[in-house]
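Engineer: sequence and computational prediction follow.
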Amino acid sequence: MLYPLSYEGEAWHPTGVPDAVIFDMDGVLIDSEPIWQDVEVAVLTRLGVPITPERCKETMGYRVNEAVAYWAERYPWSGPDVHDVAEEIVAGVVAAITDRGAPMAGAAEALDFLADQRVRLAIASSSYYRVIEAVLDRLDMADRFEVVHSAEDETNGKPDPAVYLTAAAKLTVEPARCIAIEDSPNGVESAKRAGMGCIAIPDAGIAADARFAQADAVLTSLRELPGNWAAVVGL
């Protein structure tokens, strides 16, 4: 289902270099989706949920508490509540990222390129702040972003547009002057509902999802960003 834009002003369209690029984090800057899948499967299988790495894609882009609630609704368990299970998953993900987190191909080069374009940079992530902090520490990227915002602060996570609208507000940039970079259909929908341009970089396993058609450009890697930048922004 497509949703109307939440941004009431001018919808995004190519008008030259944008004022800001707002990155999703998991699967865009850091190769953390396999980590999330491993931890979710380990924790939820113990609770009797018949989850697999493939089925983890059903909640890709959700906040962890919303993902756990999704599974609890379908496969109720006795024992720990949604909050406690989410906290266990977050702790496992933070530990794994700290130990072995690796950047996505082209991430550092894309940030360097955008800095050269004098584009302001932000993060708008569904991950909790302590996961974001672990990622930025692991990748030594803490000084790269002017604004870091988590959907932990919002009433609803992606595909609701709130996390992107708040990130833009913190930058004092109109949403229509921002481009989001996303890897999930829920994230693309969130950015487009916020009235932003969106570059999608989907994992090969979900690249055929029809919802990526909402994106303004689809790349296979951040390595492709510099070479495609002019076309994406309409120069």
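Structural biologist: Good, I have the coordinates.
Engineer: Asn65 against Glu88, yeah?
Structural biologist: No - using Cβ atoms under 8 Å, Asn65 is not in contact with Glu88; the gap is 11.7 Å. The C-beta positions use only the backbone N, C-alpha and C, and glycine is treated the same way.
Engineer: quick one: stretch 162-171 to chain centroid distance?
Structural biologist: What separates the centre of stretch 162-171 from the centre of its chain is 14 Å, taken as Cα atoms, centre = their mean, to the nearest Å.
Engineer: report the buried residues of that stretch.
Structural biologist: Neighbour-count burial for stretch 162-171 flags 162-168, 171 (criterion: 16 or more other Cβ atoms under 10 Å).
Engineer: got it, and stretch 153-162?
Structural biologist: Neighbour counts over stretch 153-162 (16+ other Cβ under 10 Å) mark 154, 157-162 as buried.
Engineer: check those against Ala107 and report the nearest one.
Structural biologist: Lys158 (20.1 Å; Cβ to Cβ).
Engineer: identify the residue spatially nearest to that closest one, adjacent ones excluded.
Structural biologist: Ser190 (3.9 Å; Cβ to Cβ, 6 or more residues apart in numbering).
Engineer: ok, Val64 next?
Structural biologist: Among residues not flanking Val64 along the chain, Ala86 sits closest, at 4.7 Å (Cβ to Cβ, 6+ apart).
Engineer: got the phi and psi for the residue lying farthest from the centre of the chain?
Structural biologist: Distance to the chain centre peaks in the chain at Ser78, reaching 30.9 Å (criterion: Cα atoms, centre = their mean). Main-chain dihedrals, Ser78, degrees, to the nearest 10: phi -100, psi 150.
Engineer: give me the pLDDT for Ala230.
Structural biologist: For Ala230, the pLDDT comes out at 88.
Engineer: any idea which helix or strand carries it?
Structural biologist: Mapping Ala230 onto the secondary structure by DSSP states H and E places it in helix 225-233.
Engineer: cool, and Val43?
Structural biologist: Here Val43 is assigned to helix 33-46, by DSSP H and E.
Engineer: who touches stretch 86-106?
Structural biologist: If you take Cβ atoms under 8 Å, 6 or more residues apart in numbering as the criterion, stretch 86-106 is touched by 27-32, 35-36, 38-40, 42-43, 64-65, 67-68, 80, 128, 130-131, 134-135, 137-139, 221-225.
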